[in-house]
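Asker: Sequence plus predicted model, see below.
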Amino acid sequence: MPTIVVEVMPKAELLDPQGKAVLGALTRLGQSQFSSVRVGKRFELTVDGEVTDAVLAEVATLADEMLSNSVIEDVVGIHVVETAAPAGASV
Amino acid sequence: MRIGVVTFPGSLDDRDAQRAVRIAGAEPVALWHGTHDLDGVDAIVLPGGFSYGDYLRCGAIASHSPIMAEVIQAADRGVPVLGICNGFQMLTEAHLLPGGLIRNDHGSFICRDQRLRVENTSTDWTNGFTEAQEITIPLKNGEGGFIASAAELERLEGENHVVFRYLDVNPNGSLNNIAGITNARGNVVGLMPHPEHAVEPGFGPDTPDAMRSGVDGLTFFTSALEGLLARA
């Protein structure tokens, strides 16, 4: 079944406390080669049926209006992946 | 006068808001997020809490609740709407107020009695305050950092839409120390601190006079009530 992946990140200019906390933990583990960590969100929307241009357009709108808040986040990617059917599922 | 308080899954302060409405002299009306029924109320409070576990973004899922369609219509008609904490987050997510709220800059939840300056006394929820009055009400949030674009911030300041500003400390990294804002009409007000927790002697913040005697939050609700009575 096709899945549409939507990726959302906090705006680059905003402080990302979650990323900062992860960076702090990495540093404590001795991993000092990273200068920054930012944490975003990945939505996987499994589609019933075919991914048409109309479906993609709908997802683009939803990504802007519901899955992200343009005041604090950016939609950084929308792409389609074909996922294998779960084991045992009839195709 | 009847003031509705909407309960969402995960609301925490709905009962406190109802109590504040009652102490102010109005009739509290419990409203449910999953209906399209405002029950003919004269004003609406969106209470604090963690609706939908803050999933997606704070207030985001609640802002798409069935009753929010009616709340948005009512706000557009001029019905007074107050969003407290999570309710403020819902108002920004519903685009009834500009800007957004992000995680506190220090990364921690904060709970304290917060001093504020009332910057705008012409809104439906603040007309009982005096200009630049300093008040103290509880603040408790993890994601209370107010942000907006530079252009939006300039507009908010220029049009006097900043209603409350933090004094003494900026508890969450809010831009321009903004604690609460209003819309152009002054009927929609959102703020992170909690007026409903400072309405009854013995249960409010400490004051120089006596422990827990602070009732500065009551004026929010009496302001709305008196405005409604004057218009009736």
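Answerer: Sure thing, it's come through. Numbering: from 1, shown residues only, chains lettered A, B, ... in the order given.
Asker: Need the residues that contact the lengthiest helix in chain B.
Answerer: Of all segments of type helix in chain B, defined using DSSP state H, the longest is helix B:218-231. With Cβ atoms under 8 Å, 6 or more residues apart in numbering or on different chains as the test, helix B:218-231 has contacts from B:1, B:3, B:20-21, B:23-26, B:42-43, B:80, B:82, B:123-129, B:135, B:195-196, B:198-200. For glycine as for every other residue, the C-beta is placed from the backbone atoms N, C-alpha and C.
Asker: Enumerate the positions of it that are buried.
Answerer: The neighbour-count check on helix B:218-231 (16 or more other Cβ atoms under 10 Å in any protein chain shown) flags B:218-228 as buried.
Asker: Restricting to C-alpha, output that helix in PDB.
Answerer: Taking C-alpha atoms only, helix B:218-231 is exported to PDB below (Å, rounded to 0.1, in the frame of the first residue of the first chain):
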ATOM      1  CA  LEU B 218     -11.500  37.900  39.300                       C
ATOM      2  CA  THR B 219     -11.500  41.100  37.300                       C
ATOM      3  CA  PHE B 220     -11.200  39.200  34.000                       C
ATOM      4  CA  PHE B 221     -14.600  37.600  34.700                       C
ATOM      5  CA  THR B 222     -16.300  40.700  36.200                       C
ATOM      6  CA  SER B 223     -15.100  42.700  33.200                       C
ATOM      7  CA  ALA B 224     -16.800  40.300  30.800                       C
ATOM      8  CA  LEU B 225     -19.900  40.200  32.900                       C
ATOM      9  CA  GLU B 226     -20.300  44.000  33.300                       C
ATOM     10  CA  GLY B 227     -19.600  44.400  29.600                       C
ATOM     11  CA  LEU B 228     -22.400  42.000  28.800                       C
ATOM     12  CA  LEU B 229     -24.800  43.600  31.200                       C
ATOM     13  CA  ALA B 230     -24.000  47.100  29.800                       C
ATOM     14  CA  ARG B 231     -24.900  45.800  26.300                       C
END
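Asker: What ranges does chain A have for its strands?
Answerer: Counting by DSSP state E, one finds strands in chain A at the ranges A:2-10, A:41-46, A:73-82.
Asker: before we move on, the earlier item: helices - which of the contacts of helix B:218-231 land there?
Answerer: Per DSSP H, the subset of the contacts of helix B:218-231 in helices is B:20-21, B:23-24.
Asker: Per-residue pLDDT of the residue in chain B positioned nearest to chain A, please?
Answerer: Closest residue of chain B to chain A, Cβ to the nearest Cβ: residue B:100 (3.7 Å). pLDDT for residue B:100: 96.
Asker: surely it meets residue B:148?
Answerer: Yes - Residue B:100 is within contact range of residue B:148, at 7.2 Å (criterion: Cβ atoms under 8 Å).
Asker: Give me the common contacts of those two.
Answerer: Taking Cβ under 8 Å, 6+ apart as the contact rule, residue B:100 and residue B:148 both touch residue A:71.
Asker: Neighbour count: these two, which is higher?
Answerer: residue B:100 (25 against 21; other Cβ atoms under 10 Å in any protein chain shown).
Asker: Surely residue B:47 is in contact with residue B:13?
Answerer: Yes - the criterion here is Cβ under 8 Å, and residue B:47 meets it with residue B:13 at 4.5 Å.
Asker: Show me which of these two is the more surrounded one.
Answerer: residue B:47 (27 against 23).
Asker: re earlier: weed out the non-buried ones from the contacts of helix B:218-231.
Answerer: Counted by 16+ other Cβ under 10 Å, the contacts of helix B:218-231 give B:1, B:3, B:20-21, B:23-24, B:26, B:42-43, B:80, B:82, B:123-129, B:135, B:195-196, B:198-200 as buried.
Asker: Chain neighbours aside, what residue packs nearest to whatever residue of chain A ends up closest to chain B?
Answerer: Closest residue of chain A to chain B, Cβ to the nearest Cβ: residue A:71 (3.7 Å). With sequence-adjacent residues excluded and distances taken as Cβ to Cβ, 6 or more residues apart in numbering or on different chains, residue A:71 is closest to residue B:100, at 3.7 Å.
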